[in-house]
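can you look at this prediction? I've put the sequence above it.
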Amino acid sequence: MTVQAGFDIAKDFHWLAVTDDRGRPLSNHRVDNTPEAITDAVAELLAVQGEYGQVTVGLDILGGIAGLLTAMLLAAGLRCVHLPGLAVNRARRGTRGGENKSDPRDAKTIAEQVMLRDDLRVVDLPDEQTTELRLLVSHRTTLVKEATARTSRLRDLLTGIHPGLERVVDPTSQSGLVLLGHYVTAAEIRRAGPARIAAYLRRHRVSKQTTAQALADAAVAAARAQQVSLPGERRTAALVRELADDLAAGKARLKALEAEIEELVTAHQDGALIRSLPGMGAVLTAEFIAAVGDIRRFTSADALAAASGVAPVLTQSGKVRYSRSATGGDKALKRVFYQASFCSIQRDPTSRTYYDRKRAEGKRHHQALIALARRK
């Protein structure tokens, strides 16, 4: 006899459901997310395994809040598989009263799906390098999102008091942030003049003299075109300077973080091979490794393409049969392949030729890039 267990994962506690090979419940209870409670649950599963036979444990979340539970289950020698939350939701809704959601019900659904399916991904503990890459890639994503939000806020504030300056200054560039960290309002820019502003920019890491002078001239021209002071201008300018300083510090941290990522990618056993592919830089390689983990879990290139959502999907009903673009798949992996394809058409002649051929066939830009990603 085989036994299936399902863990519905949550932050403070998990819910465990255990069923036999006919779906009959053997256990159903709460397991706190603490080492003591998880130890008791592991002992319970080992006892069930000793009495009934092989236990397979289904998890709906990997990493994060499930990290401690997963590590302790695997350390005890229990076989674990991953059932994505979407699959749990769809399976539960396909049963009577399936719109009613609860932790015990989801745990039971996970156990039942483990019993019925033989295609679920087996979970293994990732190696140290992959774990570090996942952490750094996740942190980089957070920094980029925060920088995007701050940039949007800065542009909004600057447009409110000095729209001319917002049009000529790029707050995503180092020179733009240096300028906005000191000169914001039209009055202070007019008082300073182009020579003083250019000298200030050169003193603060704007290396090219032509860039500093051109930016200073553009800022002064915008300031001379606006002779009106607006209510709240002083406080808004202070907020713009604060945001500019935060963005400059964030750019420095992002640069250091990307250096760490590149170092880890270089040391990774698959790093050099993945980076040799057209369009794959250090960051995209790190994102690929973080999303895939052990590449051996994919039996073929077709399996990887299907998991990434870049392979066409067959739709057939009766006499109707056609292929369409996939809407599912791992979004992180799909983004990696899409970005790599976009970069490769700029630098790789073979990729560019294939992209141009797809465009000539009538495909839109997005479709041609997805076709190129599938070809990779």
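Here it is on my side, so go on.

from now on I want contacts and neighbour counts done on CA atoms only, so please keep to that.
Will do.

low pLDDT regions in the stretch 251-376 of the chain?
376 (pLDDT under 70).

which stretches in it count as helices?
271-275, 282-292, 301-308, 331-347, 349-360, 365-375 (DSSP state H, counting those that start in this stretch).

counting contacts, what elements does the fourth one pack onto?
Spelled out, that is helix 331-347. helix 282-292, helix 301-308, helix 349-360, helix 365-375 (3 or more CA pairs under 8 Å, 6 or more residues apart in numbering; DSSP states H and E).

alpha carbons only: can I get the last one in CSV?
What follows is the C-alpha trace of helix 365-375 in CSV, where atoms were taken according to Å, rounded to 0.1, in the frame of the first residue of the first chain:
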residue,chain,number,x,y,z
HIS,A,365,7.3,41.7,-32.8
HIS,A,366,6.2,39.8,-29.7
GLN,A,367,5.4,36.7,-31.7
ALA,A,368,8.7,36.7,-33.5
LEU,A,369,10.6,37.1,-30.2
ILE,A,370,8.7,34.1,-28.7
ALA,A,371,9.4,32.0,-31.8
LEU,A,372,13.1,32.9,-31.5
ALA,A,373,13.0,32.0,-27.8
ARG,A,374,11.5,28.6,-28.6
ARG,A,375,14.2,28.1,-31.2
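
packing partners of that helix?
Using 3+ CA pairs under 8 Å, 6+ apart as the test, helix 365-375 ends up in contact with helix 331-347, helix 349-360.

quick one: contacts for the residue nearest to H14 when sequence neighbours are not counted?
Leaving aside its sequence neighbours, H14 sits nearest to V31 (CA to CA, 6 or more residues apart in numbering; 5.1 Å). Contact partners of V31, counting by CA atoms under 8 Å, 6 or more residues apart in numbering, are F13, H14, W15, L16, A37, I38, A41.

quick revisit: wait, which of the helices of the stretch 251-376 of the chain is closest to R150?
Smallest distance to R150 across the helices of the stretch 251-376 of the chain (CA to CA): 22.2 Å, for helix 282-292.

that closest one vs helix 301-308, what angle?
Comparing the axes of helix 282-292 and helix 301-308 via axes from the mean of the first three to the mean of the last three CA atoms, to 10 degrees yields an angle of 90 degrees.

and the helices and strands packed on helix 365-375: which comes nearest E146?
Of all those, helix 331-347 comes closest under CA to CA, at 18.5 Å.

residues in contact with the closest one?
278-280, 284, 287-288, 291-292, 308-310, 351-352, 355, 369-370, 372-373.

show me which positions of it end up buried.
Across helix 331-347, burial judged by 16 or more other CA atoms under 10 Å covers 333-345.

redo those as a markdown table? Include distance to I274.
Shown next, in a markdown table, are the buried residues of helix 331-347 (distance: CA to CA, whole Å):
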| residue | distance to I274 |
| --- | --- |
| L333 | 13 |
| K334 | 15 |
| R335 | 16 |
| V336 | 12 |
| F337 | 12 |
| Y338 | 15 |
| Q339 | 14 |
| A340 | 11 |
| S341 | 14 |
| F342 | 16 |
| C343 | 15 |
| S344 | 14 |
| I345 | 17 |
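
closest to G53 among these?
Once CA to CA is applied, the member of the buried residues of helix 331-347 that ends up nearest G53 is L333, at 36.7 Å.

does G181 touch A237 like I think?
No. In this structure G181 lies outside contact range of A237 using CA atoms under 8 Å: 9.3 Å.

and A43, what helix or strand is that in?
helix 35-52 (DSSP states H and E).

helix or strand next in line after that helix, which one?
Helix 35-52 is succeeded, C-terminally, by strand 55-59 (DSSP H and E).
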